[in-house]
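J.: predicted model and sequence below, questions to follow.
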Amino acid sequence: MPRKGLFLIVEGPRDEDFLNSVVKPRLKGNPLFVKVYKFSRNGERSITRFLAGLDPAKTDYLCFVDLDKSPCATAKKGNLLSSVPGLDPARVVVVKKVIEGWYLAGLDDRNCRRLGLRPFGGTENVSKDDFEKMMPNRFKSLVDFRNELLKCHSLPHARARNRSFDYLVRRFLI
């Protein structure tokens, strides 16, 4: 079977940065190319238009959405599927609760202390607000903080600290 390209459909730049740094280098199947498509500004209708333009013989996709305030991943996925005709449910990854939890999940205790954070457990309930409050004062911006988290991100720790990240690894990563 010929190799296909892969599009990663994401909500915004924080998702793109994480996927480019942590996910892209570890994808199964050695895709012909990997490109990111951001839909946040154009909404879910833009996903429908984007999918309509894909040639399934040449490209695959994964669609990443934050759980946000949905009660569970099944509900979030169901809402998305009802508003995006043609979206394959097997290609949707729900991030619990927001992508910032995946950034934090990859920290081991040593790096937590090095960055000025108290070691913590699971990250599935971390909100954007929680993440912002956790940022140590030594960082000038959230971008700097997120970039530092990416530099020391550990796949085994992230898998242990966030079930939705573990799901992604089991299904789609090496």
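T.: Sure thing, it's come through.

J.: could you use CA atoms for every contact and neighbour count after this?
T.: Noted.

J.: then the helix or strand of the chain with the lowest mean pLDDT to CSV, C-alphas only?
T.: Within the chain, no helix or strand scores below helix 44-52, which has a mean of 91 by mean pLDDT, DSSP states H and E. Presented in CSV, the C-alpha positions along helix 44-52 are these (Å, rounded to 0.1, in the frame of the first residue of the first chain):
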residue,chain,number,x,y,z
GLU,A,44,-16.2,23.5,12.8
ARG,A,45,-17.7,24.3,9.4
SER,A,46,-14.2,24.8,8.1
ILE,A,47,-13.4,21.2,9.1
THR,A,48,-16.2,20.0,6.8
ARG,A,49,-14.9,22.0,3.9
PHE,A,50,-11.4,20.9,4.6
LEU,A,51,-12.3,17.2,4.7
ALA,A,52,-14.3,17.5,1.5
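
J.: which is the next helix or strand following it?
T.: Per DSSP states H and E, helix 44-52 leads on to strand 59-66 as the next helix or strand towards the C-terminus.

J.: list the contacts of that following strand.
T.: Outside strand 59-66, the residues that touch it by Cα atoms under 8 Å, 6 or more residues apart in numbering are 4-11, 91-99.

J.: partners of it in the sheet?
T.: Its sheet considered, strand 59-66 pairs with strand 5-10 (parallel), strand 92-95 (parallel) by DSSP bridges.

J.: picking that back up, for the least confident helix or strand of the chain, which positions count as buried?
T.: Residues 44, 47, 51 are the ones in helix 44-52 that count as buried (16 or more other Cα atoms under 10 Å).

J.: what about that helix, distance to the chain center?
T.: Distance of helix 44-52 from the chain centroid (Cα atoms, centre = their mean, to the nearest Å) equals 19 Å.

J.: check the secondary structure at residue 16 for me.
T.: In three-state terms, and counting by DSSP: H, G, I helix; E, B strand; the rest coil, residue 16 is helix.

J.: surely it touches residue 36?
T.: Yes - with contact defined as Cα atoms under 8 Å, residue 16 counts as touching residue 36 (6.7 Å).

J.: overlap in contacts of these two?
T.: residue 10.

J.: rewinding a little: now the least confident helix or strand of the chain against strand 5-10, angle please.
T.: If you take axes from the mean of the first three to the mean of the last three Cα atoms, to 10 degrees, helix 44-52 sits at 180 degrees to strand 5-10.

J.: list of residues touching helix 44-52?
T.: Residues contacting helix 44-52 (Cα under 8 Å, 6+ apart): 9, 39, 80, 83-87.

J.: now for the closest residue in space to residue 15 that isn't next to it in sequence, how many residues are close by?
T.: Leaving aside its sequence neighbours, residue 15 sits nearest to residue 99 (Cα to Cα, 6 or more residues apart in numbering; 6.2 Å). Other residues within reach of residue 99, judged by other Cα atoms under 10 Å, total 28.

J.: all set now, cheers.
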